[in-house]
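> Sharing a model prediction with you, sequence too.
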Amino acid sequence: MDVEFPLWLRTTHLLNFLLLGILIRSGWEILASLPRLWWRNDAKPGTEWLRFTRQKLPTEEGVYTSLMDERSMSPLLALPGRENIGLGRHWHGLGVMLWVLNGLVYVVLLFATGLWKRIIPTSWDIFPQAWESFKIYAGFGTPALEYFQPYDALQMLTYTAVVFVLAPLMILTGLAMAPAIRSRFPWYVKIFGGPQVARSLHFICHALFAIFIIMHVGLVFLVHPEYNLPHMILGIEANEPQYYAQGFTVALLTIVVVIAILIGLSYWSLADRPRAQRFLVAVTEPARKVFLNWMRSRMSTQKVFTEKDLSEYHWTNGLPPTEDESPQWLQHRENKWADWRLEVGGELNETTIELSLDELKEMPKQQYIAVHSCMQGWTATSKWAGVKLQDVLALLGPRPEHANYVLIESHGLAQVMYDNRPREPFYAVIPLRDVYEDDTILAYERNDKPLDDHLGAPLRLRVESNHGYKMVKWVRKISWVADYEHIGDGRGGTREDSAMQAFNGRI
């Protein structure tokens, strides 16, 4: 038996192959929901440095939603495909957790067993040697077998870069796009130059990983396969033809099985999207509780972003209510919100109160500059001003004994229902940890001006530690609820009911 490729090494490599497949395919699904990349953080149409669509966008705000820009990918390519950004993000989150765990096991065992010397150079001679290997590969040749111990110099440098540079950068840029990280540690996002820079760097890392996988797997079959395959696949050192045949067969079958599993995950998800959502939420929620849910927004206290960071353009996801959807909202707008009232209270409260826009403005004002992030990928930095949600709820008196969530209802309707039933009124349910954040407000101003219609006039919710889909626009009512099981489809919001996102939007 040969100790150069022990079982743990082969096992972590196999898992890495599968998990990177999940990450890359779910990453394509996420990218397809907004197939554009920017270096500027307002994601202004026409300023992309790279796009994967021929669709041209209008430059006027409020006439085009980000869902209109979403592209549909085949389940053969994306996970799960067919415009399912929520499930794509779920699979991406699960893949990240398992990939990081597998990577930690690999690195720990690499140093514990001394095998780190195989991929980490210990001499500067590695660079001229790597250059010689590069010239041989560029000429479609193969370095002699004696240069592989078990890798040649160029492969060693590549593996070192992938394991200790590319993978960490992938993780760090991914964290910079998480709303919980952004709201708790806004300085961290600014290190990368903003969320869109982090997103672009994340995509570049994603592309490099895809290229590396193709080259890495290809070299196994093309460079001394009679030596590589028995070593890497079977874990033995032998030159007999039968071992090469066995190694080749096992390697090929493994690739086929992994691809079949990845495609199977897509069709399993699409066969019953709510079931897939429940499964993915259940297996990822423990990690969210440990690593993300404890974080509290500090946008109003840290003041990392300034007026110099304010965005020139702000996307929207959803258009203002129409006559068919909410004639009341249109009437209120016609009257310049003079007769508009926010209804506060519900079954858990003995009384219900109504507040005018002027009454809300008379309450203590909370103001801060924050980055709005949509789960599709666009961002915008704005100065938001309004009244704390907890202050409005306090007008009802002490929190009811069984109140565990706050229900926010909108004048607007959902953009689409996944099962093609009639569009329903938009709502979101907010857990207590978000309700009592100082940066959870009912905003009536953006950039020192009343809210624009397309951004939620006259009042919208801001929950800075979540994605934008939880920040209900055109708010008409808020109330305490004990649970959300009997509200809508019982998943915590309109987007969740459509299996387009999880109840928790912190990743």
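Received the coordinates, thanks.
> residue contacts, the residue sitting furthest away from the middle of the chain?
Distance from the centre of the chain peaks at Glu240, with 48.2 Å (CA atoms, centre = their mean). Not one residue lies near Glu240 by CB atoms under 8 Å, 6 or more residues apart in numbering. The way it works is simple: take the backbone N, C-alpha and C, and place the C-beta from them, glycine included.
> Counting neighbours, what do you get for the residue nearest to Ala153 when sequence neighbours are not counted?
Nearest-residue entry for Ala153: Gln129, 3.6 Å, with adjacent residues in sequence omitted and distances by CB to CB, 6 or more residues apart in numbering. Residues within reach of Gln129, counting by other CB atoms under 10 Å, total 19.
> For Gln129, which three-state class applies?
The three-state label for Gln129, taken from DSSP: H, G, I helix; E, B strand; the rest coil, comes out as helix.
> ok, so what distance separates it from Ile259?
To Ile259, Gln129 is 35 Å away according to CB to CB, to the nearest Å.
> Please apply the same query to Ser410.
Separation of Ser410 from Ile259 (CB to CB): 43 Å.
> When the two are compared, which one has more neighbours?
Ranked by neighbour count (other CB under 10 Å), Ser410 and Ile259 place Ser410 first, with 25 against 13.
> quick one: the more buried one and Met471 touch, right?
No: Ser410 lies out of contact with Met471 (CB atoms under 8 Å); the separation is 10.5 Å.
> which stretches of the stretch 1-150 of the chain form strands?
Taking DSSP state E, counting those that start in this stretch to define them, one finds strands in the stretch 1-150 of the chain at 36-37, 50-51.
> What segments of the protein are strands?
Using DSSP state E, the strands of the chain run over 36-37, 50-51, 342-344, 353-355, 366-373, 379-388, 405-413, 425-431, 440-446, 449-450, 460-463, 475-481.
> Deepest in the core, which of those strands is it.
Here the criterion is mean neighbour count by mean count of other CB atoms under 10 Å, and of the strands of the chain the winner is strand 460-463, at a mean of 25.
> where does the stretch 101-250 of the chain have low pLDDT?
By pLDDT under 70, the low-scoring segments of the stretch 101-250 of the chain are 235, 237-239.
> mind redoing it with 90?
114-115, 117-119, 121-123, 125-126, 129-130, 132-134, 136-156, 178-186, 215-250 (pLDDT under 90).
> coming back round to it: quick one: contacts for the residue nearest to Ala153?
Neighbouring residues of Gln129 by CB under 8 Å, 6+ apart: 147, 152-154.
> where exactly do the helices run in the stretch 151-300 of the chain?
Assigned by DSSP state H, counting those that start in this stretch, the stretch 151-300 of the chain shows helices spanning 153-161, 167-175, 179-184, 186-191, 195-222, 225-229, 241-271, 273-291, 299-302.
> now the ones you listed in TSV, with distance to Val344?
Below are these laid out as TSV (distance: least, CB to CB, whole Å):
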stretch	distance to Val344
helix 153-161	56
helix 167-175	36
helix 179-184	25
helix 186-191	30
helix 195-222	33
helix 225-229	69
helix 241-271	39
helix 273-291	30
helix 299-302	23
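> quick one: which of the ones you listed is nearest Leu459?
Among the helices of the stretch 151-300 of the chain, the nearest to Leu459 by CB to CB is helix 299-302 (18.6 Å).
> which helices and strands does that closest one pack with?
Packing partners of helix 299-302 (3 or more CB pairs under 8 Å, 6 or more residues apart in numbering; DSSP states H and E): helix 186-191, strand 366-373.
> Let me have the ones you listed in CSV, extended by distance to Asn466.
Supplementary listing: the helices and strands packed on helix 299-302 in CSV, determined by distance: least, CB to CB, whole Å:
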stretch, distance to Asn466
helix 186-191, 15
strand 366-373, 9
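> Out of the ones you listed, the one nearest Gly21 is which?
strand 366-373 (26.3 Å).
> any idea how far the closest one is from the chain center?
With CA atoms, centre = their mean, to the nearest Å as the basis, strand 366-373 stands 19 Å off its chain's centre.
> low-scoring stretches of the stretch 301-450 of the chain, by residue?
Scanning the stretch 301-450 of the chain for pLDDT under 90 picks out the ranges 301-305, 317-319, 322-325, 346-351, 373-376, 401-402, 412-425.
> Return the distance of Phe5 relative to Glu347.
Distance check for Phe5 against Glu347: by CB to CB, it reads 64 Å.
> In terms of neighbours, single out the busier of these two.
More neighbours surround Phe5 than the other of Phe5 and Glu347, with 21 against 10 (other CB under 10 Å).
> pLDDT score assigned to the more buried one?
In this model, Phe5 is scored at 80, pLDDT.
> Hmm, Leu229 and it touching each other?
No: when contacts are counted by CB under 8 Å, Phe5 is not listed as touching Leu229 (10.9 Å).
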